[in-house]
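K.L.:
Predicted model follows, preceded by the sequence.
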Amino acid sequence: MEFFFRYLWYMIRLAAFFTYRPVPLPENPTYIAPEDVTIIVPTIDAGEEFKEAAHSWLVGKPKEILIITEEKMLGPLQELANAVDPERIRVLTVPFANKRLQMSHGIKNTTTDIIVFADDDAIWPPTMLPYMLACFEDQKVGGVGTSQRVQPCGSRMTVWEVLAAFRLTIRNIEIASSTHIDGGIPCLSGRTAAYRTVILKDPEFLHGFTHDYWLGKYQLNSGDDKFLTRWMVSHGWNTYVQVCKEAELLSTMKPNWRFLKQVLRWTRNTWRSDLRSLFMERHVWTSHPYVAYTMCDKLINPLTLLVGPCLVMYLLYKSTIPIDQGGYHLPWWNILLSWMVWLTATRTAKLLPHLWHRPQDIIYVPAFIAFGYYFAVMKLYALFTLHETGWGTRAGIGDASAATAAMDQQNEKAGVADNNNNNPYHQRQQYGAGDDLRSPTNDQFTQYRDQSPSPFSDAQTPVYASRAQGQGQVGGMRRRGGDEEVEMQVGYAR
């Protein structure tokens, strides 16, 4: 029965994948990259691979690229930026290496309507930005993701890179099907994702993003993409994923055993985020029920996967006992061979979309099967070690609490906490000459506040709304062409 149920849902997922369609390019786009896009790249150890990635980003002609690093890496990163395009690439720094602090620093220094976060090794096709921006024609869409493929570090893929490629193929199918079924996605991958700046400029988002704790005591540094995705769901914004060649990025993976450390970090982030989504915030149950189902399935998947080997071992033991004494009627070799054939056939079927393009990788199917059982054990280990929040694969990333405290102190000295001079969404002219904008929670904005509480704070989230017609300014957004009225809300999309 469990087999029938699982593969029934797999067939539904495949059907949704084949009927899914990416958002086409509009004839008269609202957003164009040279005016509306800033790319933010948090990094601490970018090397020569950054140049190839940066050149691919610049093909899309963004207005600006912000490289955010720690202070001691300013010199090397500035040299890389100068070697690529010193006019459109700026290098900014934070006191200590901390990805979320680096991302928030980039957000505060952004002046465009759309922010695109990218890993320092993400290589884009030339059509990436237009296809991502196309999704924002829907004013309810707050975040956009892409499909992915592995870029080999050497002349050929190692077994670790092939395993990563298998996982990405399966992920591409899952995110396309979930987007098609109920419009949701478990995670907008941080390798490349676009968001409306107006959402990320929300002071409550910035505070929650940089002061995110597991169980109230373990500060999180990684898992930024999970936080962003949950924020979209909890604040009423839609998401979309462009799964197509025109928006498929290339990304390198660890070509050695360190890939397992990457997977462990991702698994811990998934546990923390899914448990929050399902049992603490609970917005996903009503917003995206299919995504909620997939999250529940992943919670129990390690146990259901390990039941198979346990049952086979039990039958092998029973096969050594004579039948007249209650033993199993099949010989041990028959049981073992049948199980191995079944595993190979079913796992190969799941990998057919990948093997269609790279048939030479079929020799790695046994490694994928072995990795599946290792991964099930790893998920259980990760569940009991969720208090470990270290990065795991990058040196130089220290204690998140110390980095946050240092950044808060720097902001306090600079007056950032009390004065948002660099925030175009907090400017006086946006609300009228008579408005007092000293505090984002000023009582003058009570009429625009969403009264539902934020899952990240006990306080109410301030919501600012503004209206404009034609080509006027709309909270930092422009509508090109047409006279339809546009309404945008900061923080909530309801």
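P.N.:
Yes, it's here. No experiment lies behind these values; they were computed from the predicted model shown. Numbers count the residues shown, from 1 in each chain.

K.L.:
Please make it C-alpha for all contacts and neighbour counts, starting now.
P.N.:
Noted.

K.L.:
so where's the stretch 351-494 of the chain uncertain?
P.N.:
392-494 (pLDDT under 70).

K.L.:
State the number of residues packed around K201.
P.N.:
21 (other Cα atoms under 10 Å).

K.L.:
wait, I meant C244
P.N.:
Residues lying near C244 (other Cα under 10 Å) number 18.

K.L.:
what element comes up after the helix or strand harbouring A176 heading to the C-terminus?
P.N.:
When elements are assigned from DSSP states H and E, A176 belongs to helix 159-182. Beyond helix 159-182 on the C-terminal side, the first helix or strand identified by DSSP H and E is strand 192-196.

K.L.:
what sits up against that following strand?
P.N.:
Strand 192-196 is contacted by residues 113-119, 122, 132, 142-146, 249 when judged by Cα atoms under 8 Å, 6 or more residues apart in numbering.

K.L.:
And the strands in the stretch 201-350 of the chain?
P.N.:
Secondary structure of the stretch 201-350 of the chain by DSSP state E, counting those that start in this stretch: the strands cover 213-214, 218-219, 238-242, 248-251.

K.L.:
Looking at those strands, which is nearest to L278?
P.N.:
Closest approach to L278 among the strands of the stretch 201-350 of the chain (Cα to Cα): strand 213-214, 15.0 Å.

K.L.:
Sheet partners, orientation included, of the closest one?
P.N.:
strand 218-219 (antiparallel) (DSSP bridges).

K.L.:
How far does the strand it pairs with sit from its chain's centre?
P.N.:
In terms of Cα atoms, centre = their mean, to the nearest Å, the gap separating the centre of strand 218-219 from the centre of its chain is 20 Å.

K.L.:
wait, which of the contacts of strand 192-196 is closest to I44?
P.N.:
Of all the contacts of strand 192-196, the one with the least separation from I44 (Cα to Cα) is D119, at 11.0 Å.

K.L.:
Give me the number of neighbouring residues for the closest one.
P.N.:
19.

K.L.:
From H283, how far off is it?
P.N.:
In this view, D119 and H283 are 29 Å apart by Cα to Cα, to the nearest Å.

K.L.:
Next: F117.
P.N.:
F117 sits 25 Å away from H283, going by Cα to Cα.

K.L.:
out of the two, which sits in the more crowded spot?
P.N.:
Each of F117 and H283 has its neighbours counted (other Cα under 10 Å); F117 has more, 24 against 20.

K.L.:
State the pLDDT value of that one.
P.N.:
Looking at F117, its pLDDT reads 98.

K.L.:
chain center to the helix or strand hosting it: distance?
P.N.:
Assigning secondary structure by DSSP H and E places F117 in strand 114-118. For strand 114-118, the distance from its own C-alpha centre to the chain's C-alpha centre is 12 Å (Cα atoms, centre = their mean).

K.L.:
Same check on stretch 92-112?
P.N.:
Counting by Cα atoms, centre = their mean, stretch 92-112 comes out at 17 Å from the chain centroid.

K.L.:
For that stretch, measure first residue to last.
P.N.:
Counting by Cα to Cα, you get 17 Å between the two ends of stretch 92-112.

K.L.:
From here on, call the first residue 405.
P.N.:
Yep, numbering from 405; the last one is stretch 496-516 now.

K.L.:
Can you point out the buried residues in it?
P.N.:
Within stretch 496-516, the residues scored as buried using 16 or more other Cα atoms under 10 Å are 496-516.

K.L.:
on that earlier part again, between strand 642-646 and the helix holding A580, find me the angle.
P.N.:
Between helix 563-586 and strand 642-646, the angle comes out at 130 degrees (axes from the mean of the first three to the mean of the last three Cα atoms, to 10 degrees).

K.L.:
got the CA coordinates for the helix or strand harbouring G479 in CSV?
P.N.:
Taking DSSP H and E as the criterion, G479 maps to helix 478-488. The C-alpha atoms that make up helix 478-488 are tabulated as CSV, following Å, rounded to 0.1, in the frame of the first residue of the first chain:
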residue,chain,number,x,y,z
LEU,A,478,38.3,44.1,0.8
GLY,A,479,41.6,44.3,-1.1
PRO,A,480,41.5,40.9,-2.9
LEU,A,481,37.8,41.3,-3.7
GLN,A,482,38.3,44.9,-5.0
GLU,A,483,41.0,43.6,-7.3
LEU,A,484,38.7,41.0,-8.7
ALA,A,485,35.9,43.6,-9.2
ASN,A,486,38.3,46.0,-10.9
ALA,A,487,39.4,43.2,-13.3
VAL,A,488,35.8,42.6,-14.4
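
K.L.:
who's in contact with it?
P.N.:
If you take Cα under 8 Å, 6+ apart as the criterion, helix 478-488 is touched by 450, 454-455, 458-459, 471, 473, 493-497.

K.L.:
Now the buried members of those.
P.N.:
Using 16+ other Cα under 10 Å, the buried ones in those are 450, 454-455, 458, 471, 473, 493-497.

K.L.:
quick one: which of these sit in helices?
P.N.:
Among the buried ones among the contacts of helix 478-488, the ones falling in helices (DSSP state H) are 454-455, 458.

K.L.:
Now render those residues as JSON lines, adding distance to P480.
P.N.:
As requested, these are arranged in JSON lines below (distance: Cα to Cα, whole Å):
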{"residue": "F454", "distance to P480": "12"}
{"residue": "K455", "distance to P480": "13"}
{"residue": "A458", "distance to P480": "15"}
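
K.L.:
and of the residues you listed, the nearest to Q729?
P.N.:
Of all these, F454 has the smallest distance to Q729: 67.4 Å, by Cα to Cα.

K.L.:
Summarise which helices and strands the longest helix anywhere in the chain is packed against.
P.N.:
The longest helix of the chain (DSSP H) is helix 693-723. Secondary-structure packing of helix 693-723 (3 or more Cα pairs under 8 Å, 6 or more residues apart in numbering; DSSP states H and E): helix 563-586, helix 688-691, helix 736-754, helix 769-787.

K.L.:
from the buried residues of stretch 496-516, which ones fall inside helices?
P.N.:
Among those, DSSP H puts 503-512 in helices.

K.L.:
V781 is nearest to which of the strands of the stretch 605-754 of the chain?
P.N.:
strand 617-618 (22.3 Å).

K.L.:
Would you check that I436 makes contact with P534?
P.N.:
Yes. Using Cα atoms under 8 Å, I436 makes contact with P534 at a distance of 7.4 Å.

K.L.:
so what sits against both of those two?
P.N.:
Residues touching both I436 and P534 (Cα under 8 Å, 6+ apart): none.

K.L.:
Could I get the contacting residues of the nearest residue to L703 once chain neighbours are set aside?
P.N.:
Spatial nearest neighbour of L703, chain neighbours left out: W675 (7.8 Å); criterion: Cα to Cα, 6 or more residues apart in numbering. Contact analysis of W675 by Cα under 8 Å, 6+ apart lists 703, 786-787, 790.

K.L.:
which SS state does V445 fall under?
P.N.:
Judged by DSSP: H, G, I helix; E, B strand; the rest coil, the three-state class of V445 is strand.

K.L.:
Contact partners for it?
P.N.:
469-472, 507, 521-524.

K.L.:
Among those residues, which one lies nearest to T583?
P.N.:
Distances from T583 to the contacts of V445, taken by Cα to Cα, are shortest for F521, at 20.4 Å.

K.L.:
Spit out the contact partners of the closest one.
P.N.:
F521 neighbours (Cα under 8 Å, 6+ apart): 443-445, 594-598.

K.L.:
Return the angle between stretch directions for the longest strand seen in the chain and strand 518-522.
P.N.:
If each strand of the chain is counted by residues according to DSSP state E, the longest one is strand 545-554. If you take the same axes, to 10 degrees, strand 545-554 sits at 30 degrees to strand 518-522.
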